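Enquirer: this is the structure alone, sequence omitted:
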């Protein structure tokens, strides 16, 4: 079941071709958001979580709202979905992470947009005698590998460790705008 958008229709048809047995393909009426129930609910939840992360960051920066074209917005959507998967309890009281792995998620997190010191991966460290840590903006974690995503200017760095800074050094609008 899905909407009539060509890409969605093509995906449903490709899945049906690859399956054995009979597959009923349903196209929901145009503009009928309730017909896609669970999907639309997931979209609303993802929007709500990204808004929450954006509002929390704006508050830390002393703003009412972040600009609609803020470079952190796409990261807020991904990080919101990531947090939901790790921390939202279901009807059984367990998170999706717990159900899949048998234990709660316990890795250290920073707030989206927080300035942290991150361990520079060997491939971007200039030499063995150079500093191992640099400042960057926390953008979330990679879903499959649990690596930390850090924004440094217009570059994305994946790393394995970070250190949180003292509270008075954790947030900067200039650092967020520098992600462009």
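Expert: Thanks, I have the structure now. Bear in mind the structure is a predicted one, so any value in this text is a computation, not a measurement. Numbering: from 1, shown residues only.
Enquirer: would you list every one of the strands in this structure?
Expert: Taking DSSP state E, the strands of the chain run over residues 115-119, 133-141, 148-152, 155-159, 162-164.
Enquirer: run the chain-centre distance for the fourth one.
Expert: To tie it back to what came earlier, the one meant is strand 155-159. Put simply, strand 155-159 sits 14 Å off its chain's centre (C-alpha atoms, centre = their mean, to the nearest Å).
Enquirer: give me the contact list for it.
Expert: Contact with strand 155-159 is made by 118-121, 124, 136, 139, 142, 145, 147-151, as judged by C-beta atoms under 8 Å, 6 or more residues apart in numbering. Just so you know, the C-beta spots here come from the backbone N, C-alpha and C atoms, and that holds for glycine as well.
Enquirer: how does it look with 10 Å?
Expert: Applying C-beta atoms under 10 Å, 6 or more residues apart in numbering, the external contacts of strand 155-159 come out as 75, 116, 118-121, 123-124, 133-134, 136, 139, 141-142, 145, 147-151, 179.
Enquirer: so which of the strands of the chain is nearest residue 45?
Expert: strand 133-141 (16.8 Å; C-beta to C-beta).
Enquirer: that closest one pairs with which strands?
Expert: In the sheet, strand 133-141 lines up against strand 115-119 (antiparallel), strand 148-152 (antiparallel) (DSSP bridges).
Enquirer: can you give me how far it is from the chain middle?
Expert: 14 Å.
Enquirer: quick one: the helices in the protein?
Expert: 6-18, 37-60, 73-87, 96-101, 173-177 (DSSP state H).
Enquirer: between these, which one is closest to residue 167.
Expert: Of all those, helix 37-60 comes closest under C-beta to C-beta, at 9.4 Å.
Enquirer: other residues contacting that closest one?
Expert: 1-3, 28, 32-34, 36, 63-68, 70, 72-84, 88, 111-114, 140, 167, 170-173, 176.
Enquirer: what subset of the residues you listed is buried?
Expert: 2-3, 28, 36, 66, 70, 72, 75-84, 112-114, 140, 170-173, 176 (16 or more other C-beta atoms under 10 Å).
Enquirer: before we move on, back to that, turn the helices of the chain into JSON lines, columns for distance to residue 156.
Expert: Conversion of these to JSON lines gives the following (distance: least, C-beta to C-beta, whole Å):
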{"stretch": "helix 6-18", "distance to residue 156": "26"}
{"stretch": "helix 37-60", "distance to residue 156": "18"}
{"stretch": "helix 73-87", "distance to residue 156": "10"}
{"stretch": "helix 96-101", "distance to residue 156": "24"}
{"stretch": "helix 173-177", "distance to residue 156": "14"}
